[in-house]
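Coordinates only, no sequence provided:
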């Protein structure tokens, strides 16, 4: 074997490069998900990021969906309730399993959105929400997909009230 710097072989370097590329691909998958959410909660786009039996689970105002059809139906309905959103996925931390075919990712979400009011659906509220994600990913045919997107809501607050006075909306 050819030795490169500090005793690393070409095979070692190739494995490290693959892991770095996988981490980046998973980050891009999550950012693509955010982009589909910000584009009217595109149900087909969002579902395409999951394996066929993938799970989307978010507590609070979210729900639990399994499979492409349930995910699509959920996001079709969500687009009626949330008329605008901007998802900031931040602080990604990705761990690739030793097999290189599965991974876990942790992200924070800061989201600004316009949601129909609980009191009157014709009235809209400017809302800020925060969520912690712990997602499971799987690599199929060289491409990463969500196996499970799992979100834990910290708070959902009307913009004018903030999170101090309104700890959780729902």
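Received, thanks. Model, not experiment: these values are computed from the prediction. Residues are numbered from 1 along each chain as shown.

What's the first helix or strand after the longest helix belonging to the chain?
In the chain, assigned by DSSP state H, the helix with the most residues is helix 10-38. Next helix or strand after helix 10-38 toward the C-terminus (DSSP states H and E): helix 43-47.

Show me what counts as buried in that next one.
Across helix 43-47, burial judged by 16 or more other C-beta atoms under 10 Å covers 43, 45, 46, 47. For the C-beta atoms, the positions are set from N, CA and C on the backbone; glycine is no exception.

From the contact counts, what lies against the helix or strand of the chain with the lowest mean pLDDT?
Scoring the helices and strands of the chain by mean pLDDT, DSSP states H and E places helix 162-165 at the bottom, with a mean of 74. Packing partners of helix 162-165 (3 or more C-beta pairs under 8 Å, 6 or more residues apart in numbering; DSSP states H and E): strand 124-140, strand 143-158.

residues touching the most centrally placed residue in the chain, list them.
Nearest to the mean C-alpha position of the chain, by C-alpha atoms, centre = their mean, lies residue 30 at 4.9 Å. Residues in contact with residue 30 (C-beta atoms under 8 Å, 6 or more residues apart in numbering) are 89, 92, 105, 107, 133, 135.

Report the beta-bridge partners for the last one.
Beta-bridge pairing of residue 135 under DSSP bridges involves residue 105.

sorry, back to before: tell me which residues are up against the least confident helix or strand of the chain.
Here helix 162-165 has contacts from 128, 130, 155, 157, using C-beta under 8 Å, 6+ apart.
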